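**Student:** would you be able to build a 3D model of this:
(2 chains, ligands or ions: 2)
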Amino acid sequence: MYNAAEAVIIIAKALNFMSEHSLELKGSLFPLSVLHCTDVSVSTLEPLLSAKLAQAPGFFYQAPIVLNLQDCQQVPDFVALKHLFVDLKLVLVGVTGASPTIKAAAQQAGLAALQAGKTTSAKTNEAPQAAVSPQQLAPSTMDSKIVEQTVRSGQQIYAKGADLIIKGAVGAGAEVIADGNIHIYGSLRGKAIAGASGDTSKRIYCFNMQAELISVAGNYWLSDSLQGEFWGKPACIKLQDDTLVISELV
Amino acid sequence: MAKIIVVTSGKGGVGKTTSSAAIGTGLALAGHKTVIVDFDIGLRNLDLIMGCERRVVYDFVNVINGEANLKQTLIKDKRVDNLFILPASQTRDKDALTKDGVERVLTELAKEFDFILCDSPAGIESGAMMALYFADEAVVVTNPEVSSVRDSDRILGMLSSKSRRAEQGLDGIKEHLLLTRYNPERVQKGEMLSVEDVKEILAIELIGVIPESQAVLNASNSGQPVIMDKDSDAGQAYLDTVQRLLGETVPFRFLTVEKKGFIKRIFGG
Ligand SMILES: Nc1ncnc2c1ncn2[C@@H]1O[C@H](COP(=O)(O)OP(=O)(O)OP(=O)(O)O)[C@@H](O)[C@H]1O
Ligand SMILES: [Mg+2]
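**Tutor:** Numbering: from 1, shown residues only, chains lettered A, B, ... in the order given. Ligands and ions are numbered 1, 2, ... in the order given. Presented below is the predicted three-dimensional model:
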């Protein structure tokens, strides 16, 4: 019913003017997290959001968030919401999908009214439960980031809004993070974190499992839990009913 | 074209200076004009291992600061032709090396020498970064133990991201793994990682395996690079390493526990 990970690319209108003080205003693309909840009252949102953040501590630290208000009939208390976001160490930047009245109130409260990209404009009057399936996220998560070498100890690689493909190994003390899936064609000795922005459908594939930590959408296992049948073997990790499961790669 | 080779490790005390001295001497013995540059400012000891500590007048930092020229500063080895040492300062700290200064000195050395060997300090701070920044090739010195392998992995990451070649998008630094202080007996007992383990983890080409050897201690006490002790196991292993560095294929030695000799087998030992 709500999805904190709906990455939407905002296409700002290209506006480019120069004056003698050489001011430049350019359109750019930024990945933003979109929060979608049928009830955006502080009392409902607070516990849900806190729980979500606790699953992936740090990943949303001061993250810019857009509120999707398409299922919202009444004008929310934007001032209270802004306080809530500040308390949770998030930055509320704007709203999307709001009715004209709600949009006006948001703008009154100093928030931007954003035009959603393909992800949400495709939806009309679906039931709230159907909020954005992984397929609908396709435009933003189909990208992949490819690393040709081995990721060495002390290095960190983050594929924002994308899959991460690593041709070499991931060394002990190295960290690879993706909002999408992670594929490692060498040994995984470091940490691998897939579905980093909360997408529970993401997986980790590696050719040789010796990880320090693996995590999918905030659910993690340390190396201790990985010892056993699949240690040192090709393996796949996914989430099933909120539990991590590991299986052989065949 | 001069080749700049950094001898580096991350972890301290694994054998960088011992290896720099041995490999530099080996390259010179093979007829290549070679200079070994001590980047370990403040902890001068390449000159001790090379046995030229009493001949140091000026040092690397003096050259960078324009207080002396290279000709005045380079120490010519008395035993081996074509071999020179650029000593480090004992009185300065590591920040005395600037990127511009190092580049100027290396560029000038490159006009004269075939090989410039940079003996890196331990760690991943500015001194070590300076030693690897201009390198064309790297000898990553590693002991067969987890912490050393981990630090080597870290340094390999630096080589591929923090070097001049990486920053300018040139071909990457050619990386070589040099395993030192290898003790086959302890490997067999499972107390140390094996060559295969280390190769698998670091995934770079192996240039040499130097056994743990008394000869290294004898050599450093007498101020003579161990490669000149041609009868010793470590000396021979370094000779093999130099040949590989020069592109030859040489089988690896000293990897397994020595079998008892014929006499010992008969009479026990
Ligand atoms: N193959 C070997 N067998 C036995 N002892 C060795 C071997 N190689 C190095 N050593 C010893 O290990 C010690 C450290 O060697 P060395 O000074 O070359 O290391 P380093 O990496 O240059 O150290 P630092 O990080 O302090 O510069 C010395 O006492 C040296 O004699
Ligand atoms: Mg040293």
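**Student:** contacts, neighbours, all on C-alpha from now
**Tutor:** Noted.
**Student:** and what about the residue most central in space within chain A, helix, strand or coil?
**Tutor:** Residue closest to the average C-alpha location in chain A (C-alpha atoms, centre = their mean): A:S197, at 2.6 Å. Counting by DSSP: H, G, I helix; E, B strand; the rest coil, the backbone at A:S197 sits in coil.
**Student:** taking chain A, what residue is nearest to ligand 1?
**Tutor:** Closest residue of chain A to ligand 1, C-alpha to the nearest ligand atom: A:S153 (19.1 Å).
**Student:** now do the phi/psi pair for that residue.
**Tutor:** Backbone torsions of A:S153, given as degrees, to the nearest 10, read phi -50, psi 130.
**Student:** just to revisit the earlier point, for the residue nearest to the centre of chain A, give me the pLDDT.
**Tutor:** pLDDT for A:S197: 93.
**Student:** cool, and A:L49?
**Tutor:** You'll see A:L49 listed with a pLDDT of 84.
**Student:** then A:A14?
**Tutor:** Looking at A:A14, the pLDDT reads 29.
**Student:** before we move on, what about B:E167?
**Tutor:** Note on B:E167: pLDDT of 93.
**Student:** tell me who's in contact with it.
**Tutor:** When contacts are counted by C-alpha atoms under 8 Å, 6 or more residues apart in numbering or on different chains, B:E167 touches B:S161.
**Student:** re the thing from before, next up, the contacts around the residue of chain A closest to ligand 1.
**Tutor:** A:170-174, A:190, B:150-151, B:153-154, B:157.
**Student:** again, 7 Å this time
**Tutor:** A:S153 makes contacts with A:171-174, B:150, B:153-154, B:157, as judged by C-alpha atoms under 7 Å, 6 or more residues apart in numbering or on different chains.
**Student:** again with B:S213
**Tutor:** Contacts for B:S213 (C-alpha under 7 Å, 6+ apart) come out as B:A234.
**Student:** now do the helices in chain A.
**Tutor:** A:42-55, A:78-87, A:100-108, A:118-121, A:138-141, A:223-226 (DSSP state H).
**Student:** quick one: the strands in chain B, in order.
**Tutor:** Under the criterion DSSP state E, chain B contains strands at B:3-8, B:34-38, B:75-76, B:83-86, B:115-119, B:137-142, B:174-182, B:205-211.
**Student:** hmm, back to that, tell me how far the residue of chain A closest to ligand 1 lies from B:V257.
**Tutor:** To B:V257, A:S153 is 32 Å away according to C-alpha to C-alpha, to the nearest Å.
**Student:** and B:G123, how many residues sit next to it?
**Tutor:** Around B:G123 there are 17 other residues, counting by other C-alpha atoms under 10 Å in any protein chain shown.
**Student:** I should have written B:V7 there, sorry.
**Tutor:** B:V7: 27 neighbours (other C-alpha under 10 Å).
**Student:** re earlier: worst mean pLDDT among the helices of chain A?
**Tutor:** Here the helices of chain A differ in mean pLDDT, and the lowest is helix A:118-121 at a mean of 37.
**Student:** near ligand 1, which residues of the stretch 101-250 of chain B are found?
**Tutor:** Residues of the stretch 101-250 of chain B lying close to ligand 1 (C-alpha under 6 Å from any ligand atom) are B:121-122, B:180-181, B:210-214, B:216-217.
**Student:** if we go to 8 Å?
**Tutor:** The stretch 101-250 of chain B comes close to ligand 1 at residues B:119-123, B:141, B:180-182, B:210-217, B:220, B:234, as judged by C-alpha under 8 Å from any ligand atom.
**Student:** next one, pLDDT for the residue of chain A closest to ligand 1 please.
**Tutor:** With respect to pLDDT, A:S153 has a value of 92.
**Student:** for A:V95, same thing?
**Tutor:** At A:V95, the model reports a pLDDT of 88.
**Student:** specify the beta-bridge partners of it.
**Tutor:** As for beta bridges, A:V95 partners with A:L67, A:A113 under DSSP bridges.
**Student:** with mean pLDDT as added columns, please give the strands of chain B in JSON lines.
**Tutor:** Formatted as JSON lines, the strands of chain B follow (pLDDT from 0 to 100):
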{"stretch": "strand B:3-8", "mean pLDDT": "98"}
{"stretch": "strand B:34-38", "mean pLDDT": "98"}
{"stretch": "strand B:75-76", "mean pLDDT": "97"}
{"stretch": "strand B:83-86", "mean pLDDT": "98"}
{"stretch": "strand B:115-119", "mean pLDDT": "98"}
{"stretch": "strand B:137-142", "mean pLDDT": "98"}
{"stretch": "strand B:174-182", "mean pLDDT": "98"}
{"stretch": "strand B:205-211", "mean pLDDT": "98"}
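**Student:** and of the ones you listed, who's closest to A:Q74?
**Tutor:** strand B:174-182 (63.6 Å; C-alpha to C-alpha).
**Student:** from the chain's centroid, how far away is the closest one?
**Tutor:** Averaging C-alpha positions (C-alpha atoms, centre = their mean, to the nearest Å) puts strand B:174-182 9 Å from its chain's average.
**Student:** rewinding a little: list just the nearest of the contacts of A:S153 to A:T44.
**Tutor:** Using C-alpha to C-alpha, A:A174 comes nearest to A:T44 of these, at 37.9 Å.
**Student:** thought B:T73 was touching B:N62?
**Tutor:** No. Contact criterion C-alpha atoms under 7 Å: B:T73 and B:N62 do not qualify, at 8.3 Å.
**Student:** more crowded one of those two?
**Tutor:** More neighbours surround B:T73 than the other of B:T73 and B:N62, with 20 against 17 (other C-alpha under 10 Å).
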